[in-house]
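J.: Following is a predicted model, sequence given first.
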Amino acid sequence: MLKVRIIPTLLYKNFGLVKGISFDSWRRVGSALQTIMVYSMREVDELIFLDITATGEQRDPDFEVVDDLADDCFMPLTVGGGIQTIDHVRQLLMMGADKVAINTGAVLNPQLIKDIANRFGSQCAVVSIDYKTHANGVHEIFTHSGTRATGLSPVTFAQQAEEMGAGEILLTSIDRDGTMQGYEPDCLRQVSKSVSIPVIASGGAGNAEDMYLAIHQGKASAVAAASIFHFTEQTPLEMKHYLRGKNIPVRL
Amino acid sequence: MKKIAIIDYGMCNIDSVARAVEKLGAAPLITDIAHEVAQADGIILPGVGSFADAMKELTSRDDLIQTIKYRIQTHGTPFLGICLGMQLMATIGYEGGKTSGLDLIPGTIRHLEPVIAEERIPHVGWNEVNRVSTSPLFHEVEDRLDFYFVHSYHFQCDPQYVLAQTPYCGGFISVVGKDVCFGVQFHPEKSLKSGARILTNFISLC
């Protein structure tokens, strides 16, 4: 059976790893290389590495850092941040990324999704969607690290992304990010229902039960988390034991 | 030290395959040049992307395909196709239009079709590799271990070439083999220890 993946997310900013709350109040959480080595030792399912300032600083992805990290990464690695051209993708794949996550670049230029899928295959095109939930319950996509409203609905854009050839959707609730209060269930369920590609839930995991809910009710194919691994004693393996106890297929 | 040619035809992250080969004690040679391939003890064809594009890239290199086939047939040089590389070993692929493959193992590449609603495509993540036949590729690898997959198409062929299957979309062929040619639909270079063991077993055949 296909296993549900638990994916630690590493956010990279100014030469180190950070973690914030709702895309703000960043705290340093250590060196990227050391962290990758720890996760490698722990044999996690997959890793997501996002360079969160590349777009804001209008610079290219940091290829050298990715090259260094990939050297110690014998598990699948998704890299995102600042990807705007097919050549960025080509270089990142060459440096050892297995998949690329495109966020702002995909919203500004959805054709990029199609270009990546055609050139390198759908399986390496992860479309990353960051959204906020308004007081009236409406979800809206924000780009540029959560700073710019787009007026776009996550469901509509996820469907468009699938049509353009996206292989996975990484769906992050900005409101829940870093709060450890649980994934935002409503948009997750809507997006999972409206596409047939895998959806990765992201933003808000505080414990294994949150992951269970995202999988069982939200129909997520994978769950991403950062704060619980940075700031609590919980490990991906403990989460998996819990999920297995609830009949969710995991790789132990 | 065994020299393993890793065919670079501009389609993928050959880096991770090369790193894995190096870590396992062989000398990776990243190349798309026929006479370099001819000097290798083993050949790995990695790849992500679409079948038609990949064949276009491979055929555009002078003598590359001919050399690969010649080495396999006359020198018994072991060959391992990974993911798209496995699919390219087939006779015909249907991704990006009907396209002829390398025809190393008679087979056809078709899109995965879900048999239950929860099965999403692409098939991404860790899934079991269940053996249906013995192979030196599986030496000291437990049956039913999880490996990392990411693909939307799959290999269809005569049962005599099937070494393992994976339970998804009604069960698809995840490992094929014929003489010195092997193909794995999963990514051994990204499948941690169990993947490393498969690569080690391949290298020891070279």
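T.: Received, thanks.

J.: buried sites along the helix ranked longest in chain B?
T.: Within chain B, and with DSSP state H defining each element, the longest helix by residue count is helix B:192-205. Within helix B:192-205, the residues scored as buried using 16 or more other Cβ atoms under 10 Å in any protein chain shown are B:192, B:194-205. C-beta coordinates here come from the backbone N, C-alpha and C atoms, glycine included.

J.: what is the rounded mean pLDDT of whichever strand or helix holds A:T156?
T.: Here A:T156 sits within helix A:154-164, counting by DSSP states H and E. Helix A:154-164 shows an average pLDDT of 98 in the prediction.

J.: do the same with stretch B:165-182
T.: Along stretch B:165-182, the predicted local confidence has a mean pLDDT of 98.

J.: Just the CA trace of it, in PDB.
T.: Output for stretch B:165-182, consisting of C-alpha atoms alone and laid out as PDB, is shown next (Å, rounded to 0.1, in the frame of the first residue of the first chain):
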ATOM      1  CA  GLN B 165       5.100  -5.900  -8.400                       C
ATOM      2  CA  THR B 166       3.800  -3.000  -6.300                       C
ATOM      3  CA  PRO B 167       0.200  -2.800  -5.000                       C
ATOM      4  CA  TYR B 168      -1.200   0.400  -6.600                       C
ATOM      5  CA  CYS B 169      -3.700   0.800  -9.400                       C
ATOM      6  CA  GLY B 170      -4.500  -2.900  -9.200                       C
ATOM      7  CA  GLY B 171      -0.800  -3.800  -9.000                       C
ATOM      8  CA  PHE B 172       1.800  -2.600 -11.400                       C
ATOM      9  CA  ILE B 173       5.200  -4.000 -12.400                       C
ATOM     10  CA  SER B 174       7.900  -2.300 -10.400                       C
ATOM     11  CA  VAL B 175      11.000  -4.400 -11.300                       C
ATOM     12  CA  VAL B 176      11.800  -6.100 -14.600                       C
ATOM     13  CA  GLY B 177      14.800  -8.200 -15.700                       C
ATOM     14  CA  LYS B 178      16.000 -10.000 -18.700                       C
ATOM     15  CA  ASP B 179      19.600 -11.500 -18.800                       C
ATOM     16  CA  VAL B 180      21.900  -8.600 -17.700                       C
ATOM     17  CA  CYS B 181      19.200  -5.900 -18.100                       C
ATOM     18  CA  PHE B 182      17.200  -4.700 -15.100                       C
END
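
J.: Are it and chain A in contact anywhere?
T.: Yes. Using Cβ under 8 Å from any Cβ of the partner chain, stretch B:165-182 comes into contact with chain A via B:167-168.

J.: One more: stretch B:27-35?
T.: No. Against chain A, stretch B:27-35 shows no contacts by Cβ under 8 Å from any Cβ, the least distance being 10.5 Å.

J.: And what about the residue positioned nearest the centre of chain A, helix, strand or coil?
T.: Compute the mean C-alpha point of chain A, and by Cα atoms, centre = their mean the closest residue is A:L170, 4.7 Å away. With DSSP: H, G, I helix; E, B strand; the rest coil as the basis, A:L170 sits in strand.

J.: how much space between it and A:I48?
T.: A:L170 is 7 Å from A:I48, where distance means Cβ to Cβ, to the nearest Å.

J.: shared neighbours of these two, anything?
T.: A:78, A:80, A:101, A:224 (Cβ atoms under 8 Å, 6 or more residues apart in numbering or on different chains).

J.: So what sits opposite the second one in the bridge?
T.: Right, the one you point to is A:G80. For A:G80, the beta-bridge assignment (DSSP bridges) gives partners A:L50, A:A101.

J.: Number of residues surrounding it?
T.: Neighbours of A:G80 under the rule other Cβ atoms under 10 Å in any protein chain shown: 29.

J.: so it sits right up against A:L47, yeah?
T.: No. A:G80 is beyond contact range of A:L47, at 11.5 Å (criterion: Cβ atoms under 8 Å).

J.: of the buried residues of helix B:192-205, list those near chain A.
T.: Intersecting the buried residues of helix B:192-205 with the surroundings of chain A, defined as Cβ under 8 Å from any Cβ, gives B:192, B:195-196.

J.: Show me which residues of the stretch 151-252 of chain A sit near chain B.
T.: Where proximity means Cβ under 8 Å from any Cβ, the interface of the stretch 151-252 of chain A facing chain B comprises A:167-168, A:196-198, A:219, A:221-222, A:251.

J.: which one of these has the most neighbours?
T.: Scoring those on neighbours with other Cβ under 10 Å, the highest-scoring entry is A:E168 at 29 neighbours.

J.: need the contact list for that residue.
T.: A:99, A:125-127, A:197-200, A:221, B:122, B:124.

J.: Over to B:L80?
T.: Applying Cβ under 8 Å, 6+ apart as the definition, the contact partners of B:L80 turn out to be B:42-45, B:182-184, B:202.

J.: May I ask you to confirm that it belongs to a helix?
T.: No. Secondary structure of B:L80, determined by three-state DSSP: strand, with no helix assignment.

J.: picking up where we left off before, how about residues contacting the helix holding A:T156?
T.: Residues lying outside helix A:154-164 but in contact with it, judged by Cβ under 8 Å, 6+ apart, are A:106-107, A:110-111, A:113-114, A:117, A:127, A:129, A:131, A:139-141, A:169, A:171, A:187, A:190-191, A:194-197, A:199.

J.: again, only this time at 6 Å
T.: When contacts are defined by Cβ atoms under 6 Å, 6 or more residues apart in numbering or on different chains, helix A:154-164 is touched by residues A:110, A:113-114, A:127, A:129, A:131, A:139, A:141, A:169, A:187, A:190-191, A:194-195, A:197.

J.: Out of those residues, which is nearest to chain B?
T.: Nearest to chain B among the contacts of helix A:154-164: A:I197, at 5.8 Å, using Cβ to the nearest Cβ.

J.: Look at the closest one and tell me its secondary structure.
T.: coil.

J.: Which residues are in contact with it?
T.: A:162, A:168, B:120.

J.: does the residue nearest to the centre of chain A have beta-bridge partners, and which?
T.: Where A:L170 sits in a bridge, its partners, by DSSP bridges, are A:S128, A:I200.

J.: Hmm, it is touching A:V126, no?
T.: Yes. Between A:L170 and A:V126 a contact is recorded at 5.5 Å, counting by Cβ atoms under 6 Å.

J.: Next, show the common contact partners of these two.
T.: Residues touching both A:L170 and A:V126 comprise A:A101, with contact defined as Cβ under 6 Å, 6+ apart.

J.: for chain B, what are the nearby residues on the stretch 1-150 of chain A?
T.: Near chain B, the residues belonging to the stretch 1-150 of chain A are A:1-3, A:5, A:43, A:74-76, A:93, A:96, A:120-124 when assessed by Cβ under 6 Å from any Cβ of the partner chain.

J.: Now intersect those with the helices, please.
T.: By the criterion of DSSP H, membership of the residues of the stretch 1-150 of chain A next to chain B in helices covers A:93, A:120.

J.: Show me the strands in chain A, by range?
T.: Assigned by DSSP state E, chain A shows strands spanning A:5-13, A:16-21, A:24-30, A:47-51, A:77-80, A:99-102, A:125-133, A:139-143, A:148-149, A:168-173, A:199-202, A:222-225.

J.: That concludes my questions; thank you for your assistance.
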